[in-house]
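# Provided below are the primary sequence and the corresponding predicted coordinates.
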Amino acid sequence: MRGFGDSRRPQGAWPPHPGPLPGGEREGPLTLTLSPGGRGTWVAALPLPLLTACSGPQSMLDPAGTQAGHIGTMWWILFATCAAVYGIVMLWLLWALARRHRWVEPRGVLPVEEGRDRGLTFWLSVWVGGTVVILCGLVTASYAVDKSLTHLANREELAVEVEGMQWWWRIRYPDDDPSRSIATANEIHLPAGAPVRLKLKAQDVIHSLWIPNLHGKMDLIPGRENELFLVAEREGTYRGQCAEFCGLQHAHMALTVVVESPEDFNAWKEAQLAPAPEPASDEQKRGKAVFLSSACSMCHGIRGTTASASVAPDLTHLASRPTIAAGTLPYNRGNLAAWIADPQRIKPGNHMPLVGVPPPDLQALVAYLDSLK
Amino acid sequence: MSPKDSHPSDELRDGPGLNEDETCRRLERTWGTAPGLWGWLTTVDHKLIGRRYIVTGFVFFLLGGILALLMRLQLAQPEGTLVGPDRYNQIFSMHGTTMMFLFAVPIMEAMAVYLVPLMVGTRNIAFPRLNAFSYWVYLAGGIMLYVAFLLNTGPEAGWFSYVPLSGPEYSPGKRTDFWAQMITFTEVAALAVAVEVIVTVLKMRAPGMSLNRVPLFVWSMLVTSFMVVFAMPSIMLASSFLIMDRLIGTHFFNPAEGGDPLLWQHLFWFFGHPEVYIIFLPALGMVSSIVAAMARRPVFGHLPMVLALIATAFLGFGLWVHHMFATGLPRLGVSYFTAASMMIAIPSGIQIFCWIATLWDGQPQWRTPLLFVVGFVVIFVLGGLTGVMLASVPFDQQVHDTYFVVAHFHYVLIGGAVFPLFGAFYFWFPKITGRMLSERLGRWNFGLFFVGFNVAFFPMHLLGMVGMPRRVYTYPAELGWAGMNLTATIGALMIAAGVALFIVNVLVSLRGGRIAGPNPWGAGTLEWATSSPPPSYNFAHIPVVEGLEPLWDSRGRLPVVHGLRVEEREVLLTTVVDAHPDLREPSPRPTIWPLLSALAITVLFIGSIFTPSAVVWGSIPLAVGLIGWFWPKRSRTPTEPVVES
Amino acid sequence: MERNFVRDVSHLPTHGHGPSNLTWWGTIGFILIEGFAFVLAGFTYLYLMMQFQHWPPGMPPPELLWGTLMTVLLVLSLAPNVWAKRMAEREDVPRSRIAVLVMLAIGVLTLVIRWFEFTVLNVLWDSNAYGSIIWTILGLHTLHLVTDVGDTAVLAVLILTKHGKDPRRLGDVTDNAMYWNFVVAAWVPIYALLYLLPRAV
């Protein structure tokens, strides 16, 4: 996703700059923070190229939350055990093939020697016993880690509703006071350290929410309600993506997860609660008129205006989001204009039709939408 | 009068009274397939049908491989534009569907159709007409799917066709209907072969081949066939539900009317997981055959091997939920499936140990089949271990539906099934064609395939862990996946080169390969007791088995029975456990009815995609076909005593 | 290879009943397959039942009359069926002929009853998932009735003509009888699921 940094940066250059990335077109460019040390230290033993490939905004090997951390530990237990077993099997195979064998004439057959086969039978039982012991260990470890994932689940501080749609994410922060609930799309903000419950549902087809740096995935299934409980620890911006094949644009169904300090989170939340700002310039005013009079308002809503549809993402604070079209394009005016001009070229098959806004109107429309910070 | 009283008629029988040339000449006249197109269409010879089954399966392997290459080329770089999302979704759905339904299961069954009757020492498979029918139905289903694909009506919801995406609302049009009907075709074909193999193994083994002397390949096919019997009804039911939801408005998977999308997943994986073992167990049998011949000793631990096969089959039915760890099922129930999924490593571990032990104690002959077996162990063990990892619910929640899983199951299925299969091609090609494949090309074939495979699939483990989901037609450059994807594509091209070399090898060797003789590897099982390729009647005299490796045990003087008719098709039935001779059973002659019935059922199945009424009017030609098939034929000579009434 | 004859099998019979017969094993194979399909359909029924608060959801369960009549008829049909099998095993051609005709008549009668059964289910297949599964299970069983009646009809023609003197046709009668036993055995749990269970919960 282009929103995560400068696309001119050479490939594979993780970890990227720990500070703000240059060249962002919007204010407050996204940051990718990586904690040196911490859970990263055990990776140090691995060869450098592998190490650098492991971290990133969408990597289970770079945990930024309690759950992902526990699962990361599980992975290293599994990896170490299985690597050892693999090594043993390969050594045994190598020995079996390379040792000096009994002599046999061409096309001749080796007699089965009882004593040797008895010896092998003994080692077979050792082998089976070893397998059983190792598997029991792994089952126990897996069970323990699984239990630890829901630790603190009763201390929930925040609930977020995530609804998978073809092909975007509807996000709601419900509140007992309806006027204080937030609707946004394709981005989740989380306060660092707070136990959070993500309530997952879907209307159309099955999707799966996967934010590898924070937790494993959980499906969103029509007719069912699932949930994912997580605690994000490390501030930063992470990427999540739909992991269950959901049709044409399954590849372009990403979301941004911003983990920030509780203060920043509250500031964001207050900003989101505000209705859309009134257009300041004439161009923005004209853009608002275009929006309200065109097909846009039949699907999209903007709070504070007469546009109240909810079929498509709420646009009240569109310009504060890092991406357009569920992570397909980084947010900026140029991309926004290109997207509105021809959404089907950029994300073929998505449900946003070609509205056909004439160029001057498009300019105004983009100017208005870009004011919706 | 009771059949026991029937006297041997004075007809000609094989045995001391008839000289060998005359016996073979007459048997050939009785069992031979007529030349020309008519003979080709009407044959019921398990070798001819097995051969075309294998070739057809291999053609589908190539088609599925071409689709895989298209995907790899599309993903070789970020934001690739070779194919769009619609085409890509069809391609990956076709790739999975082809490899699972049109290549892997059929080709394993095809190997059984060819080899099992030879290995148990009989003249034809049980129900040879059903066998012919099975092939035609399979061919029709495969052709239908590919014609639909070329007409841009290929499946688009994956080989697993999860609802609601594959349901009436989100997959309008006929694409998924063709997919679901293809299931019906291939399941009918697979079930038919499963029944044939079970009955052949249980009732048609050579005298003396008691259950403890059954070769491991035959055991593996017997166990596999039982798995087919219990796994396939589930997918038949599921795909029927899906078709009915799509075509006549039922609500099995519609949550608004009380249905449940997860019902599909339960039914699909109750089939889909055993399916993996249905593909994998026959390959284990092939490995055992190759290992014994190449190590010059019987496989160590015959009994543990058989028990491991059976244990795998049982456990294989208790694992399906591990495909559903991310669906939010109750945690406690899910934990059971972790344990069960890990436990299946025990029988697999036993088998790996026994093969390595056999090589350790034997004298490995470094021929191409052994190379593929070694490649199999190296790759499959890794795939098995990542399988153990995936059994852990928390870890699976991370890598489920990512390229990690793609890597895992290609290690298991290509390593566990395709490598043994290629080994088996090299091993049995001389039996089937009479000529050896080139060893030199074989080594190159293996080397390219082995290296290419690891280059293609090893990076995918890491790709999945750093976030790349499956079934995406493209990915952004910023996530750093490009390098590993390009590597994978290069590996895929190497595999393609390896497979191309195999084809060259086959084409060259068919004409110029070294003449094989009956037993080029000096192997011990019965298929090597007859000429290469075997005559239409397989064996001039039915062999008698005195041990696990009859040819090794008999040291060149294979005991045989005599007394079967040579002017009529007759096979020897034996008892289930001890293989005592029991009956002389007539075996069907060539006939066109299986082909006609297959055509009728094809019309019915395809017609029902377009109108439910096809089930009614389509059943009329099918009934005609079946009645024609089973209508008793007049024998050339009175073969059986007539009941006096 | 040198000929090393160790045993003569020419004295063996060319036909047997039951498990020594290939067709018997084939029939068992297909009974296993179809039986397992019934089992899975039954599981589907129970699975869907869990999704509903009321079962049946808002309509009366299928009326008892025709389904119960079907159960009674099928269970009673076991008597002539077993008789048919015995006559065939004894190679009593005239009685086997009668038995096959009786079974054919019973088969046709079950189809008539089944027709009425479909009319009193109180739900259509496209009403809801409950309707879908009971129509499907009943349809699946009807398919077995239809094929068995078709089988029996062809067998009747064969056994009433000169083909009837072939002992293999009598073997077919025993296998057909076995298949009918399966059709009956499959019905009893279906009856319990479709007719009794909704009244019990």
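Received it, and whenever you're ready, just let me know what you need.
# helices and strands of the chain: which one has the lowest mean pLDDT?
Using chain A here. When each helix and strand of chain A is scored by mean pLDDT, DSSP states H and E, helix A:48-54 comes last, with a mean of 55.
# My question was about chain B, not that one.
That would be, for chain B by mean pLDDT, DSSP H and E, helix B:331-343 at a mean of 88.
# next SSE after that helix?
Downstream of helix B:331-343, the next assigned helix or strand under DSSP states H and E is helix B:345-361.
# For the closest residue to chain A within the stretch 301-450 of chain B, which residues are in contact?
The stretch 301-450 of chain B approaches chain A most closely through residue B:397 (2.6 Å), counting by CB to the nearest CB. For the C-beta atoms, the positions are set from N, CA and C on the backbone; glycine is no exception. By CB atoms under 8 Å, 6 or more residues apart in numbering or on different chains, residue B:397 lies in contact with A:71, A:215-218, B:325-326.
# Please, where are all the helices along chain C?
Ranges of helices in chain C, per DSSP state H, are C:22-51, C:64-89, C:93-119, C:129-160, C:167-191, C:197-200.
# quick one, which of those helices is nearest to residue B:46?
helix C:22-51 (14.3 Å; CB to CB).
# Could you list every helix and strand that that closest one packs against?
helix B:175-203, helix B:216-247, helix B:261-295, helix C:129-160, helix C:167-191 (3 or more CB pairs under 8 Å, 6 or more residues apart in numbering or on different chains; DSSP states H and E).
# Just want the angle from it to helix C:167-191.
10 degrees (axes from the mean of the first three to the mean of the last three CA atoms, to 10 degrees).
# Would you mark the buried spots in helix C:22-51?
C:22-29, C:31-45, C:47-49, C:51 (16 or more other CB atoms under 10 Å in any protein chain shown).
# Check the gap between the residue nearest in space to the middle of chain A and residue B:584 for me.
Note on chain A: the residue nearest the mean C-alpha position is residue A:240, at 1.5 Å, using CA atoms, centre = their mean. To residue B:584, residue A:240 is 69 Å away according to CB to CB, to the nearest Å.
# Alongside chain B, which residues does the stretch 151-300 of chain A contribute?
Residues of the stretch 151-300 of chain A found near chain B (CB under 8 Å from any CB of the partner chain) are A:166, A:200, A:204-206, A:208, A:210, A:212, A:215-219, A:221-224, A:226-227, A:239, A:241-251.
# how close does the residue of the stretch 301-450 of chain B closest to chain A get to chain C?
Residue B:397 is 24 Å from chain C, where distance means CB to the nearest CB, to the nearest Å.
# and residue B:437, that one's in a strand?
No - looking at residue B:437 with DSSP: H, G, I helix; E, B strand; the rest coil, it is coil, so not inside a strand.
# Could you break chain A into its assigned domains?
Domains of chain A are assigned by automatic domain parsing as A:66-98+A:117-153, A:156-273, A:282-370.
# among the helices and strands packed on helix C:22-51, which is nearest residue B:73?
helix B:175-203 (23.0 Å).
# The closest one vs helix B:216-247, what angle?
Using the same axes, to 10 degrees: helix B:175-203 against helix B:216-247 is 150 degrees.
# If you count contacts, what does helix B:175-203 end up packed against?
helix B:85-97, helix B:105-120, helix B:128-150, helix B:216-247, helix B:593-610, helix C:22-51.
# wait, what's in contact with the residue of chain C found nearest chain A?
Among the residues of chain C, residue C:51 lies nearest to chain A; the distance is 8.6 Å by CB to the nearest CB. Applying CB under 8 Å, 6+ apart to residue C:51 gives the contacts B:258-260, C:129.
# In the stretch 501-645 of chain B, mark out all the strands, start to finish.
Applying DSSP state E, counting those that start in this stretch to the stretch 501-645 of chain B gives strands spanning B:560-562, B:570-574, B:581-586.
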